[in-house]
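Q: From the sequence below, what's the structure:
(3 chains)
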Amino acid sequence: MELRSNAPDGPIQDSWDNHRFNMKLVNPSNKRKYDVIVVGSGLAGASAAATMAELGYNVKCFTFHDSPRRAHSIAAQGGINAAKNYQNDGDSIYRLFYDTVKGGDFRSREANVYRLAQISVNIIDQCAAQGVPFAREYGGMLSNRSFGGAQVSRTFYARGQTGQQLLLGAYQALSRQISLGKVEMFTKCEMMDVVLVDGQARGIVTRDLNTGEISSHAGHAVVLATGGYSTAFYLSTNAMNCNVMAAFRAHRKGAAFANPCYTQIHPTCIPVSGDHQSKLTLMSESLRNDGRVWVPKKANDTRAPGDIPEGERDYYLERKYPSFGNLAPRDISSRAAKEVCDEGRGVGPSGFGVYLDFADAIGRVGEDTIRERYGNLFDMYERITGENPYKRPMRIYPAPHYTMGGLWVDYNLMSTIDGLHVIGEANFSDHGANRLGASALMQGLADGYFVLPYTIGNYLASAKLDPVGNDHTAFAEAEAQVAARMQRLLDINGTRSVDSFHKELGRLMWEKCGMARTEAGLKEALVEIPKIRERFWKDVRVLGSGESLNQSLEKAARVADFMEFAELMCHDALDRDESCGAHFRTEHQTDDGEAKRNDEKYSYVAAWEYQGEGNAPKLHKEQLDFEYVKLAQRSYK
Amino acid sequence: MRRVFRLYESTIGKKIVMAVTGVLLVGFVVAHMAGNLKMYAGQEKMDHYGEFLREFAAPVLGHGGFLWVARAILLLAVAAHIRSAILLTRQSQAARDVGYKVTTRRESNYASLSMRWGGVFLAAFIVLHILHFTTGHIHPTFEHGAPYANVVAGFTVWWTAALYILAMIPLGLHLYHGTWSMLQTLGANHPRYNHLRRKIALAVALIVVVGNISFPVAVLTGLIK
Amino acid sequence: MSETMKLVLNVWRQPDATTKGDFERFEIPDVSPDMSFLEMLDVLNERLTQKGQETIAFDHDCREGICGTCGIVINGVPHGPQKLTTTCQLHMRKFKDGDELWLEPWRSTAFPVIKDLVVDRSSFDRIIQAGGFISVGAGSAPDANAIPIGKEVAEQAMDAAACIGCGACVAACPNASAMLFTAAKVGHLGLLPQGQPERYERVQKMVATMDNENFGACTNHAECEASCPKGISIDFIAMMNRDLLKGAVQHPIELD
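A: Numbering: from 1, shown residues only, chains lettered A, B, ... in the order given. Model prediction:
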């Protein structure tokens, strides 16, 4: 396997322009001769499908949801970054590029990030033209806010529903192409495998979730826009149906998986309330502007927060990081919360929670001001927990919510399989080891609207593509394998539910490969995971049939892939014997608990090649060079 | 004309027909009640008012011509109103092939829920009302051209008066929800005035109901003899 | 720890679209008030699996009230008793010990049942496909600040755009009408300057598709507004009616 980034040489400011000029074009009248398969209809998938259809390609778009409007992009709250500099506060494409590379702790490809920053401005134009109701000033101009610690206001937003509005914009563009007959939409249709002919991705095998029908779809190129894998931890802020199956199936077929250990943990989520917990809800980080984080000084203190006197409270962030205090960065606050809970000082019924106390702020500025600032968040908290945060401190705990890792792609967003393109959260591209707030939406739409539609043309124009229909034997083989796999899951008829296995795996991953990782812990996990996997394949119980809607069976197939994928995450975390961004190896930290990189040894993208179930994957390295952004250590003293 | 029929094919088109005919019918009901207030001015004034309606525009339309034109328009409006209602009701019934086991209503009220049966009841009542006071077929002592006497004689029968009073309940409900729906369907909508729509509907319904109920009550209590 | 409660659930079970369904009764003796409604169903499904009975199918995904996938009619109310709340965000503390609940799918001819509590809402997608978009291809957009939009208009458009497409409006409507859903999109795009060129064509096409999908006719009960988890106002329905009337008279289009 060879990793060629295909990033253009020359000045970074011109590289995308030069690259576009050098790419081959498909003649307009020839575009209709190409069929492109898009899997996923979130921000990246829907925007790519719509745009390629606008260009003239025949697009088939697949989603396992009942409608393309439901993808989890919809849940993004905060906003989308763009280097518009509408606020005249010194923002520029270069600054967004710089912030993103630095925020990613110098583990991303400079050329990709620069292109992302360049394109960010077009995205806002496109979305505004589509009718996305961005927040406005009284004069009618677009409003911005600063986000994620950026020193400029470059975040565009639509109330707390930016992801929803951007997704609906893309969904509407997609709907238009469906009505024009340029996109054929398949809902409730899950990709079960990628089909390769002569080493090229030439189609997919799908399963209709309502009827169980397995079918084949052939095309000239395949695009995966299938999101991230935070649900490897079972509990995360992701939607219940998010999974790694599509990406992992491609990985099994030869697509390298890059940096799977880069998983971001968000510090302010509502904690687990009991064994029944199915997902975690994110609360905006802005709450830490006015809330003070604390836990009791002594372990196993079950008193109500109000009964714990001031002297017996540990405001541990203020204590450990006196200058940043409660505003310490995401990863630092997350790890600090885990530490105090591991010491038995966590609060709430599960013991995994810390207080975020607004009493001082309410005393200082009054309850009305706090209500004005955070009213909707406080309401949401009360709806979920039944507790009034004006009267009683909130309980929060970190939760996984985004994965920077993903299938390895080159500058053209193509994976190590010819013709298989990967966009959005599903690829590893632009965020390095840590993603900045409001950048996920930007990347998904950049890939979908403005990068892939060009680069895929270059592939189609230059690749030698023999006619392949879905009657090719490769499809029949893949269909048979999928059918056998589903039947195998149904036939086990063991004693435990799919969820119980997913929870078991998730707990292990959270413990050993979550916020803080150690060599010993990761090695233990690598021993444990195969055991869980073995038990799964012996003892899982999937009832019902494969011929109608069967949600247990759907889940079983997805969890089965997590059973293998979890190992890959641990291998990567173990290999990366440094701390960087969201990947924190406790062995490598600075005195103030900050991630300590080892640029000499680990300034590379770890791209893993599949070697068969149970075998250690093979590591390939793409060396990262930093010509424009100077390597530096983050400091929050 | 083609555009109108085209519009009528859509659900909203039929609702617009209901709303426009509704405007006519509400207008008629209000005018009818207001005209009948002449009962309080005495026999002479009331009978003169009846004669006025027959003679109105007589040089053009002939004696009683205006009334027949008005009746024709109203009849057409009622027919269109009922026909649209039937088509829309059928559509809505077909739109829920399997019903709920448990139904809980949060916003709909007795007026909105009684529109369909209320409409059927009102249609029947109008037929009786015409046979009673217009043609006199079911009136004990009907005399053409003498509305005052006819009303007094008609309402002296206590159960007839009671029936009229009772009939005002469905009329009031129908008017209340109908007027509000009319404003909504015709898109009379402005953030500043939206809160007035329910109030206008209530006022129309109350004025007509109170006015109409006053006639049988006045006869029964001897205020009008 | 809060006290647990005992609940009786009568759940609609229907193996597929063509087979007749019926209610099945379940008793859950130990519901925690901290569970969400769907977590309670997860627990029930876990126990059904243990007993070898097929689990209850229900739609859900994000579980934070934004994707619009979930939706159960609970005791006659879509999404249950808490206003402005989707089924996934409803928590069991809204119920009390001994309650008997009836769980039904969205009931609408336009939303055929797929299985148990899962319905097919693709009719909504077809309404959007009929015209619920602004025809602008990627690349052709002017600068985002080239068209100023007053704050008030932008906010009003956002009120309409907040629709999550869950279908509770149809489920709640005594006529199973989709007017609120359709009006929300017509209103969102019709209010913005970008949406003006296609405004009257859009409303006619979307309403025609809505009719073809076998939704019922609005009789202004306002049940939709009461059940909408995003609180979308029926004022948008009035706005759509006016646009349709104006469109049909001034800018009629040929529909097939």
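
Q: how about low-confidence regions in the chain?
A: Assuming you mean chain A. A:148-149, A:634-637 (pLDDT under 70).

Q: my bad, the chain I had in mind was chain B
A: Per-residue confidence for chain B (pLDDT under 70) gives these ranges: B:1.

Q: hmm, try it at 80
A: B:1-5 (pLDDT under 80).

Q: ok, which stretches of it are helices?
A: B:2-9, B:11-36, B:43-55, B:58-61, B:65-94, B:110-113, B:115-129, B:147-156, B:158-185, B:194-220 (DSSP state H).

Q: Now tabulate those helices in CSV and tack on mean neighbour count and distance to residue A:200.
A: Every residue, glycine included, has its C-beta placed from N, CA and C. Shown next, in CSV, are these (neighbours: other C-beta atoms under 10 Å in any protein chain shown; distance: least, C-beta to C-beta, whole Å):
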stretch, mean neighbour count, distance to residue A:200
helix B:2-9, 13, 51
helix B:11-36, 19, 51
helix B:43-55, 16, 87
helix B:58-61, 10, 85
helix B:65-94, 16, 51
helix B:110-113, 18, 62
helix B:115-129, 15, 63
helix B:147-156, 20, 91
helix B:158-185, 20, 58
helix B:194-220, 17, 60
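
Q: so which of those helices gets nearest residue A:155?
A: helix B:194-220 (34.3 Å; C-beta to C-beta).

Q: The closest one close to chain C?
A: Yes: Helix B:194-220 reaches chain C (C-beta under 8 Å from any C-beta of the partner chain) through residue B:194.

Q: what's the angle between that helix and helix B:147-156?
A: Angle, helix B:194-220 to helix B:147-156, by axes from the mean of the first three to the mean of the last three C-alpha atoms, to 10 degrees: 80 degrees.

Q: Can you check what angle separates helix B:194-220 from helix B:11-36?
A: 40 degrees.

Q: Just give the number of residues close to residue B:134.
A: Other residues lying near residue B:134 total 15 when counted by other C-beta atoms under 10 Å in any protein chain shown.

Q: Let me see the contact set for whichever residue of chain B sits closest to chain A.
A: Here the residue of chain B nearest chain A is residue B:191; by C-beta to the nearest C-beta that distance is 16.9 Å. Neighbour list for residue B:191: residue C:235 [criterion: C-beta atoms under 8 Å, 6 or more residues apart in numbering or on different chains].

Q: and residue 28, what does it touch?
A: Picking chain A for this. Residue A:28 neighbours (C-beta under 8 Å, 6+ apart): residue A:56.

Q: Sorry, I should have been clearer: chain C.
A: Per C-beta under 8 Å, 6+ apart, neighbours of residue C:28: C:6-9, C:40, C:43-44.

Q: what about 7 Å?
A: With contacts taken as C-beta atoms under 7 Å, 6 or more residues apart in numbering or on different chains, residue C:28 has the following neighbours: C:7, C:9, C:40, C:44.

Q: Make a markdown table out of the residues you listed and add distance to chain A and neighbour count.
A: Below are the contacts of residue C:28 laid out as a markdown table (distance: C-beta to the nearest C-beta, whole Å; neighbours: other C-beta atoms under 10 Å in any protein chain shown):
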| residue | distance to chain A | neighbour count |
| --- | --- | --- |
| C:7 | 14 | 21 |
| C:9 | 15 | 21 |
| C:40 | 7 | 21 |
| C:44 | 10 | 19 |
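
Q: Next step: these restricted to strands.
A: C:7, C:9 (DSSP state E).

Q: give me phi/psi at the residue located most distally from the centre of chain B?
A: Centroid-distance maximum for chain B: residue B:101 at 35.0 Å, with C-alpha atoms, centre = their mean. Per-residue torsions, residue B:101: phi -70, psi -40 (degrees, to the nearest 10).

Q: can you check residue A:73 too?
A: Per degrees, to the nearest 10, the backbone of residue A:73 is at phi -50, psi -30.

Q: try residue A:246
A: Dihedral angles (degrees, to the nearest 10) for residue A:246: phi -60, psi -50.

Q: measure it to residue A:558 for me?
A: Remark: distance between residue A:246 and residue A:558 (C-beta to C-beta, to the nearest Å) = 10 Å.

Q: Report the residue spans of the stretch 1-150 of chain C with pLDDT below the cut-off.
A: Where the stretch 1-150 of chain C drops to pLDDT under 80, the residues are C:1-2.

Q: Chain B contacts on that one?
A: C:23, C:73, C:75-77, C:102, C:104, C:107-110 (C-beta under 7 Å from any C-beta of the partner chain).

Q: Could you turn the buried ones of these into a ChimeraX selection?
A: Here is the ChimeraX command that selects the buried residues among those (16 or more other C-beta atoms under 10 Å in any protein chain shown):
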select /C:73,75,76,77,102,104,107,108,109,110
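
Q: Save the residues of the stretch 1-150 of chain C next to chain B as JSON lines, and put in secondary structure and distance to chain A too.
A: Output for the residues of the stretch 1-150 of chain C next to chain B, formatted as JSON lines (DSSP: H, G, I helix; E, B strand; the rest coil; distance: C-beta to the nearest C-beta, whole Å):
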{"residue": "C:23", "secondary structure": "strand", "distance to chain A": "19"}
{"residue": "C:73", "secondary structure": "strand", "distance to chain A": "17"}
{"residue": "C:75", "secondary structure": "coil", "distance to chain A": "19"}
{"residue": "C:76", "secondary structure": "coil", "distance to chain A": "22"}
{"residue": "C:77", "secondary structure": "strand", "distance to chain A": "17"}
{"residue": "C:102", "secondary structure": "strand", "distance to chain A": "22"}
{"residue": "C:104", "secondary structure": "strand", "distance to chain A": "17"}
{"residue": "C:107", "secondary structure": "coil", "distance to chain A": "17"}
{"residue": "C:108", "secondary structure": "coil", "distance to chain A": "14"}
{"residue": "C:109", "secondary structure": "coil", "distance to chain A": "17"}
{"residue": "C:110", "secondary structure": "coil", "distance to chain A": "14"}
